[in-house]
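1. Sequence and predicted structure below; questions after.
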Amino acid sequence: MPPPPIAPDGPGQVPYGYPGGHGFPPGPGVGGYYGWPGMQALPSNGMGTAGLVLGIISAVIFCMWPVAIVVGVLAVIFGAIGMGKARRGEATNRGQALAGVICGVAGLVLSLVMLAFVIATA
C-alpha cells in the first residue's frame, strides 16, 4: 500500500503505526537513538594553530636566535602534523598549518642568518 499523499502545507502529523512514526525503530541508514543522527567529531585544529603561533613568534624574535631556532623547529613540526591531520580530514585548518610551516622556516632562516652574523663579527 503506498503512503498517503502529502498536503500542500507539509506532511502534518504522522499517524500512529505508520512507518517512521513512534511505533517503529529508526530505518536503515539512520544513526543514533530515535532517529537522531550521531554527533560529529569536532575538528582537531590545535596542531595547525600552534604551528602558526610558534612560526610567527620565531619570525618576530629572530634576534634572540637561540630561542628562535628552537621555536622555529617546533613550528615546523607542529605545522607538519597539523597538515597531516587536515589531509586525513581530522582538522579543517590546512592553511593555518601551512602558514605555520612557512613562518617557522622563515624564522629559522632569519635566526641562522643572525647566528652567522654574530659568529662573523666575533
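-> Okay, I see it.

2. contacting residues around Ile77?
-> Gly51 (C-beta atoms under 8 Å, 6 or more residues apart in numbering). The C-beta positions use only the backbone N, C-alpha and C, and glycine is treated the same way.

3. where's it, which helix or strand?
-> helix 65-88 (DSSP states H and E).

4. Can you point out the buried residues in that helix?
-> Within helix 65-88, the residues scored as buried using 16 or more other C-beta atoms under 10 Å are 65, 68-69, 71-83, 85-86.

5. Low-confidence stretches in the chain?
-> Within the chain, the segments meeting pLDDT under 70 span 4-36.

6. Find the nearest non-adjacent residue to Phe78, please.
-> Gly51 (3.7 Å; C-beta to C-beta, 6 or more residues apart in numbering).

7. who touches that neighbour in this structure?
-> Per C-beta under 8 Å, 6+ apart, neighbours of Gly51: 75-82, 96-97, 100-101, 104.

8. quick one, the helix or strand containing it and helix 65-88 angle?
-> Using DSSP H and E, the element containing Gly51 is helix 46-60. Here the directions of helix 46-60 and helix 65-88 differ by 150 degrees (axes from the mean of the first three to the mean of the last three C-alpha atoms, to 10 degrees).

9. chain center to helix 46-60: distance?
-> Here helix 46-60 is found 15 Å from its chain centre; the criterion is C-alpha atoms, centre = their mean, to the nearest Å.
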